[in-house]
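Colleague: I would like the atomic coordinates for the input below:
(4 chains)
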Number of protein chains: 2
Amino acid sequence: MENRIESIKKQLHSQSYKLTPQREATVRVLLEREEDHLSAEDVYLLVKDKAPEIGLATVYRTLELLTELKIVDKINFGDGVSRYDLRKEGADHFHHHLVCIECGAVDEIQEDLLGDVEQIVEKDWNFKVKDHRLTFHGICYRCHDKVETSMEQEVTTK
Amino acid sequence: MENRIESIKKQLHSQSYKLTPQREATVRVLLEREEDHLSAEDVYLLVKDKAPEIGLATVYRTLELLTELKIVDKINFGDGVSRYDLRKEGADHFHHHLVCIECGAVDEIQEDLLGDVEQIVEKDWNFKVKDHRLTFHGICYRCHDKVETSMEQEVTTK
DNA sequence: TTTAGTGCAAAAAGTTTGCACAGAA
DNA sequence: TTCTGTGCAAACTTTTTGCACTAAA
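Modeller: This is a model prediction of the structure:
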């Protein structure tokens, strides 16, 4: 935790930005909720617990800055809100997402599944890939199990 | 063109929706600009040429309806705007996109590059894939060529 | 004392909604 | 007539911006 803050501090400094208390509080929230996909509003509310005087605009500006420095990735799952997702330390590719259309859960795939596909794109389309966004929509294992369970129950009830 | 309108009309009717003049004008715009990735506002302005009395709200409602019926796909490239992309007739998967970070161009890949990846996701993550979104960010062939050309020019000018 | 960063409020941008009206079944 | 669909304006949501102020270098 502390060393990741330290590392982010260095990244900011290397571009002559400061890690102000507000920015640090924001980064801490992102670190604590690494698995989640928080909207700016979500982050704002969580940061307020640590630093009640912070303004929403500052959160937006901080998230924008962190996005620029590729410390976080800004994503959009199709509801009208941008969400912010911390990059894994040293990850050169952006991880993938599984969005459940049943329960809304968003799971992450850290493994890079696109190596082969990127090669095809570079070769066949002459497109120099710098980044990617891959999201699957479908039924997550939890909802999948739920359906099976309720079907079993139905059978056993009868 | 006309037969695709006919086909969309049938799809609407099958769900007890009508293809009103406003909806038809909207669909025609989408068909004419199939390669583009129009925002609601873009569609609105183009439809206005055909049917000046149409309202923006109607365009939004029509696009929402078409999205529901999976005639168009709603996408989001990270600028704050939703874009609407007609599905190719009979396409069961949503096509992929190449977004150029240099010139902003958006190219489409109709081929399905994710067959293998989806199998892995279904098997390893126990996730029933229903749809996907895949976008690569990078340098398109045009900008790629441009850089090379300007480099050549530099050399020959010297 | 200069400059980056902040908080607040207002504005902008995109989208949705309420409602009275129009037009097809 | 009945009900779906429409246009308009207002409302709402999310994000950005202007500006005076703060605080660190």
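
Colleague: secondary structure element for residue A:13?
Modeller: helix A:2-14 (DSSP states H and E).

Colleague: Do that helix and DNA strand D come into contact?
Modeller: No - Helix A:2-14 does not reach DNA strand D (C-beta under 7 Å from any atom of the strand); its nearest approach is 10.0 Å. In short, each C-beta sits where N, CA and C put it, glycine included.

Colleague: Ok, stretch A:59-78 next?
Modeller: Yes - using C-beta under 7 Å from any atom of the strand, stretch A:59-78 reaches DNA strand D at A:60, A:61, A:64.

Colleague: DNA strand D: which of the residues you listed is nearest?
Modeller: Here the nearest of the residues of stretch A:59-78 next to DNA strand D to DNA strand D, counting by C-beta to the nearest atom of the strand, is residue A:60; it sits at 4.0 Å.

Colleague: list the contacts for that closest one?
Modeller: residue A:40 (C-beta atoms under 8 Å, 6 or more residues apart in numbering or on different chains).

Colleague: Per-residue confidence, it, what does it come out as?
Modeller: For residue A:60, the pLDDT comes out at 98.

Colleague: Contacts for the lengthiest strand in chain A, please.
Modeller: Counting residues, the longest strand found in chain A (DSSP state E) is strand A:128-139. Contacts with strand A:128-139, where a contact means C-beta under 8 Å, 6+ apart, come from A:75, A:77, A:93-94, A:96-102, A:113-114, A:118, A:121-122, A:147, B:101, B:117-118, B:121, B:127-139, B:144.

Colleague: For that strand, buried residues please.
Modeller: For strand A:128-139, a neighbour-count test (16 or more other C-beta atoms under 10 Å in any protein chain shown) marks A:128, A:129, A:132, A:133, A:134, A:135, A:136, A:137, A:138, A:139 as buried.

Colleague: Now render the residues you listed as a markdown table, adding pLDDT.
Modeller: Listed next are the buried residues of strand A:128-139 as a markdown table, based on pLDDT from 0 to 100:
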| residue | pLDDT |
| --- | --- |
| A:128 | 96 |
| A:129 | 95 |
| A:132 | 93 |
| A:133 | 94 |
| A:134 | 95 |
| A:135 | 95 |
| A:136 | 95 |
| A:137 | 93 |
| A:138 | 94 |
| A:139 | 95 |
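
Colleague: Present those as TSV; the columns should include distance to residue A:47.
Modeller: Below are the buried residues of strand A:128-139 laid out as TSV (distance: C-beta to C-beta, whole Å):
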residue	distance to residue A:47
A:128	37
A:129	34
A:132	29
A:133	26
A:134	29
A:135	26
A:136	31
A:137	30
A:138	33
A:139	34
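
Colleague: Secondary structure for the residues of stretch A:59-78 next to DNA strand D - can I get that in TSV?
Modeller: What follows is these, written out as TSV (DSSP: H, G, I helix; E, B strand; the rest coil):
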residue	secondary structure
A:60	helix
A:61	helix
A:64	helix
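
Colleague: Tabulate those (TSV), appending distance to residue B:55.
Modeller: Converted to TSV, these look like this (distance: C-beta to C-beta, whole Å):
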residue	distance to residue B:55
A:60	31
A:61	36
A:64	34
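
Colleague: Of these, which ones also sit close to DNA strand C?
Modeller: Answer for the residues of stretch A:59-78 next to DNA strand D near DNA strand C (C-beta under 7 Å from any atom of the strand): residue A:61.

Colleague: quick revisit: out of the buried residues of strand A:128-139, who's nearest residue B:31?
Modeller: Nearest to residue B:31 among these, counting by C-beta to C-beta, is residue A:137 at 25.4 Å.

Colleague: Identify the bridge partners of the closest one.
Modeller: Assessed by DSSP bridges, residue A:137 has beta-bridge partners residue A:99, residue B:131.

Colleague: any idea how far it lies from residue A:107?
Modeller: From residue A:137 over to residue A:107 the distance is 12 Å, taken as C-beta to C-beta, to the nearest Å.

Colleague: Ok, residue A:50 next?
Modeller: Counting by C-beta to C-beta - residue A:50 and residue A:107 are separated by 27 Å.

Colleague: contacting residues for residue A:30?
Modeller: A:38, A:43, A:66, A:72, A:84, A:86.

Colleague: what angle separates the host helix or strand of the fifth one from helix A:2-14?
Modeller: It stands for residue A:84. If you go by DSSP H and E, residue A:84 is part of strand A:82-86. In terms of direction (axes from the mean of the first three to the mean of the last three C-alpha atoms, to 10 degrees), strand A:82-86 departs from helix A:2-14 by 110 degrees.

Colleague: Strand A:82-86 vs DNA strand D: in contact?
Modeller: Yes - judged by C-beta under 7 Å from any atom of the strand, strand A:82-86 comes into contact with DNA strand D at residue A:82.

Colleague: Mind listing the strands that strand pairs with, and their directions?
Modeller: strand A:38-39 (antiparallel), strand A:72-76 (antiparallel).

Colleague: for chain B, what are the nearby residues on chain A?
Modeller: Residues of chain A found near chain B (C-beta under 8 Å from any C-beta of the partner chain) are A:74, A:76, A:78, A:82, A:98, A:101, A:107, A:109, A:113-114, A:116-118, A:120-121, A:125-141, A:144.
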